[in-house]
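The following block contains a protein sequence and its predicted model.
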Amino acid sequence: MKNLPAILGGERLFPNGPPSGVPDSPLIFENLRKAFLEGSWSGYDTGHVTALEKTLANLFEVETAMTCASGTLAVEVALQALRLPDGSLVGMAAYDYPGNFLAIHALGLMPFLIDTDPDTAQVSVSGIQNALGHGISALVVSHLHGGLVPMREVMALCENAGVPVIEDACQAPMAVVQGKPAGSWGDFGALSFGGSKLITSGRGGAILSRKPDLTQRAKMHLLRGSKIAALSELQALVLLPQLMELKKNNLSRQLAAGILEKELSKIQGIKPLLVPEGDLRAFYKLGLIFDSSTFGLDRKSFIAAMQAEGIACDTGFDCIHRHRSPSRWKAADSLPNADKLHDAMLVLHHPVLLQGEGAVFKIIQALDRIQKHAKEVHKALN
């Protein structure tokens, strides 16, 4: 029984289920206690949001950080600030967070889908170059699943073409890309503080900008006498301590991910994303490419078997073009690499990466015994 997968009656490797992603910080509690006693939590502006925005600007090495209600809103406001004509083409990866696609549409713009790199699973630099040739007016670039887009090359192409870039770092806060923080390369950057993110206040986001004129336009879109869709003072108090721990936690998660990715060489049919050496990664989700024929089990059954072990494993995003009307997007080609990600991406949720090496080797143990009993698992589930 010890060597059987949990789904076949074996011992569950994570008996208490996936670890919680809720931050456990005494300083968060102390901040909340102090705010309650002094009453600063209930004001429109008692200094905590201002302190958070200054901290974000310093950490991300940008001129301005503006908090708002979500990362999705951050992308939408950034697009509004670009003042693009109706119907303008906005480039984005065909494999991306669907909220970016919807934000583009919400402003009367047209998504231009770009294929992904076959090794990194991020938007393809050569695809961006091709999209520029097709007349895109702006580009949204996302760092996804522990991967990183080579922003120096992207910015060189776009600046030469006069095309502004919105860098979505919602999954990669405080990652370092070619020597600079993710989110600081683009004309705008976007952050998310959603309920499951690496820093969280349940809801919230921020717009980063390094250009004063664009910053002013974005501010105007967030003002209706007072700031609309604002982050609260209470949310800022929760986020500030997490920001101070973020780099350390990113380093710990990267170390755990590195061990996991190295050990995956022992498992046929699962491989990590290719990432250039030297950068600091951030893992909201850790992406893995699953080859069902090589592993010996279909992806749906594999995920069920992993979840039975208490491991937070799931599929990635649906590719934009697979479930959206062709009238709602344009593309230069058939997007074959993104198609593969639609069917092959796996993601592991980040909390397990802070549980130490023991947790990493339990994941490898789960993969090994699921693969060794793949036929039985398939039969039990189908």
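Perfect, I can see it now. Numbers count the residues shown, from 1 in each chain.

Need phi/psi at the residue nearest to the spatial centre of the chain.
In the chain, the C-alpha nearest the mean C-alpha coordinate belongs to Gln171, at 2.2 Å (CA atoms, centre = their mean). Dihedral pair for Gln171: phi -90, psi 0, per degrees, to the nearest 10.

Test my guess that it contacts Arg281.
No: in this structure Gln171 lies outside contact range of Arg281 using CB atoms under 8 Å: 10.4 Å. For glycine as for every other residue, the C-beta is placed from the backbone atoms N, C-alpha and C.

list the buried ones in the one helix or strand Gln235 maps to?
If you go by DSSP states H and E, Gln235 is part of helix 233-263. Of the residues in helix 233-263, those with enough neighbours to count as buried (16 or more other CB atoms under 10 Å) are 233-243, 246-247, 249-250, 253-254, 256-257, 259-261, 263.

swap in stretch 107-116?
For stretch 107-116, burial by neighbour count (16+ other CB under 10 Å) applies to 109-116.

now the end-to-end length of it.
25 Å (CA to CA, to the nearest Å).

How about residues contacting that stretch?
Outside stretch 107-116, the residues within contact range by CB atoms under 8 Å, 6 or more residues apart in numbering are 76, 79-80, 84, 86-95, 101, 104-105, 122-124, 127-128, 130-131, 134, 136-137, 320-321, 328-333, 335-338, 341.

Quick check: helices, which of those are part of them?
When DSSP state H defines the helices, the subset of the contacts of stretch 107-116 inside them is 76, 79-80, 101, 104-105, 127-128, 130-131, 320-321, 336-338, 341.

Among these, list the two that are farthest apart in space.
By the measure CB to CB, those have their two most distant members at Gln80 and Pro336, which lie 33.1 Å apart.

higher neighbour count, these two?
Of the pair Gln80 and Pro336, Gln80 is the one with more neighbours under other CB atoms under 10 Å, namely 17 against 11.

just to revisit the earlier point, give the rounded mean pLDDT of the helix holding Gln235.
In this model, helix 233-263 has a mean pLDDT of 96.

residues making contact with the helix or strand just after it?
Going down the chain from helix 233-263, the next helix or strand is strand 270-272, by DSSP H and E. When contacts are taken as CB under 8 Å, 6+ apart, the neighbours of strand 270-272 outside the stretch itself are 260-261, 264, 287-291, 295, 346, 367.

low-scoring stretches of this structure, by residue?
1 (pLDDT under 70).

still on that earlier bit, helices - which of the contacts of strand 270-272 land there?
Judged by DSSP H, helices contain the following of the contacts of strand 270-272: 260-261, 295, 367.

Around Gly47, how many other residues sit close by?
Here the count is done by other CB under 10 Å, and Gly47 has 11 residues near it.

In stretch 278-285, which residues are buried?
Taking 16+ other CB under 10 Å as the neighbour-count basis, stretch 278-285 is seen to contain the buried residues 279-285.

same deal with stretch 366-382?
Within stretch 366-382, the residues that count as buried by 16+ other CB under 10 Å are 366-367, 369-371, 373-374, 377-378, 381.

neighbours around Ile136, how many?
Using other CB under 10 Å as the criterion, Ile136 is surrounded by 24 other residues.

Pull out the buried residues from the contacts of stretch 107-116.
Among the contacts of stretch 107-116, those classed as buried by 16+ other CB under 10 Å are 76, 79-80, 84, 88-95, 101, 104, 122-124, 127-128, 130-131, 136-137, 320-321, 329-331, 335, 337-338, 341.

Take the buried residues of stretch 107-116 and write them to TSV, including distance to Glu63 and secondary structure.
TSV is the format used below for the buried residues of stretch 107-116 (distance: CB to CB, whole Å; DSSP: H, G, I helix; E, B strand; the rest coil):
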residue	distance to Glu63	secondary structure
Leu109	26	coil
Met110	30	strand
Pro111	29	strand
Phe112	29	strand
Leu113	31	strand
Ile114	28	strand
Asp115	33	coil
Thr116	31	strand
